[in-house]
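**Q** based on what follows, work out the 3D shape:
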Amino acid sequence: MTQLTNEAGERGMPTTVTYLECTARPSPPGPPRPLIKTAILRCENPPVHFYRYLYNTIGRDYFWVERRRWSDEVLAALLAEPKVELYVLYVSGVPAGMSELDFRDDKAVQIAYFGLMPDFVGRKLGPWFLYQSCELAWSKPIAKLIVNTCTLDHPRALQTYQRVGFTPYGREERTIWLPAGFA
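**A** A predicted model of the protein is given here:
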């Protein structure tokens with residue numbers, strides 16, 4: 001892989017972004033419910049520090065950096081937006097994942113961010129949580145649900161989206177710039 005750097009000393013990570021859409025509610029029954037205590041709760045106007053904890057912990061291994069650059073004020077405004085819904089998956093009372101649904105575009109609802117905490121990856125929670133997130137989106141009158149994933153995401157992300165009913169409609173080569181000191 002070619003090492004890229006910019007004037008700010010940021011390291012560039014080349015990636016391929018795949019854009020996907022789902023134009024119908026997922027077919028039941030969906031993945032089986034995990035055989036452990038789970039709950040999905042909507043966070044209404046969550047504090048910025050809690051959102052940053054989820055975003056940074058879930059996204060660390062997948063190079064989620066965009067919102068790390070946002071000020072607390074900008075992030076707080078997004079989290080206060082009534083058409084942006086944040087859902088948190090809990091396993092035995094512990095935050096295990098997040099799903100952010102953005103309803104601000106009347107033409108297409110977006111799964112803006114979706115992922116699991118590192119300790120919960122590989123436990124068959126992802127497909128079930130994704131299906132439940134799609135059900136939450138489709139419980140409203142929407143025409144289309146969109147999401148994107150990239151080659152920096154979990155290796156099974158693309159196939160997991162496709163199994164729920166998403167189909168690719170575009171691809172793009174992009175560079176993700178990691179802030180200096182990103183670990």
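
**Q** burial count for Lys107?
**A** The local packing count at Lys107 equals 8, with neighbours defined by other Cβ atoms under 10 Å. Glycine gets a C-beta too; all of them are placed from N, C-alpha and C.

**Q** next one: it from Glu135, what distance?
**A** Between Lys107 and Glu135 the computed distance is 20 Å (Cβ to Cβ, to the nearest Å).

**Q** any buried residues in the biggest helix by length in the chain, and which?
**A** In terms of residue count, the longest helix belonging to the chain (DSSP state H) is helix 125-138. Burial within helix 125-138, assessed by neighbour count using 16 or more other Cβ atoms under 10 Å, is assigned to 125-134, 136-137.

**Q** can I get the CA coordinates of that helix in CSV?
**A** Backbone C-alpha positions of helix 125-138 (Å, rounded to 0.1, in the frame of the first residue of the first chain) are rendered in CSV as follows:
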residue,chain,number,x,y,z
LEU,A,125,-24.6,-9.5,17.0
GLY,A,126,-23.9,-7.4,13.9
PRO,A,127,-26.3,-9.0,11.4
TRP,A,128,-29.1,-9.0,14.0
PHE,A,129,-28.5,-5.4,15.1
LEU,A,130,-28.3,-4.3,11.5
TYR,A,131,-31.6,-6.0,10.7
GLN,A,132,-33.2,-4.3,13.7
SER,A,133,-31.8,-1.0,12.7
CYS,A,134,-33.3,-1.4,9.2
GLU,A,135,-36.7,-2.3,10.8
LEU,A,136,-36.5,0.9,12.9
ALA,A,137,-35.9,2.9,9.8
TRP,A,138,-38.7,1.2,7.8
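
**Q** model confidence over that helix, on average?
**A** Averaged across helix 125-138, the pLDDT comes to 96.

**Q** what does it rub up against?
**A** When contacts are defined by Cβ atoms under 8 Å, 6 or more residues apart in numbering, helix 125-138 is touched by residues 22, 25-26, 30-34, 38, 40, 85, 87, 89, 91, 96-97, 99, 101, 103, 109, 111, 114, 116, 145, 154, 156, 160-161, 163-165.

**Q** with stretch 73-85 instead?
**A** In this structure, residues lying in contact with stretch 73-85 by Cβ under 8 Å, 6+ apart are 42, 45-46, 48, 51-52, 67, 70, 86, 100-104, 112, 136.

**Q** of all the residues you listed, which two lie farthest apart?
**A** Longest distance between any two of those is 24.3 Å, between Trp70 and Leu136; criterion Cβ to Cβ.

**Q** good, we can wrap up now.
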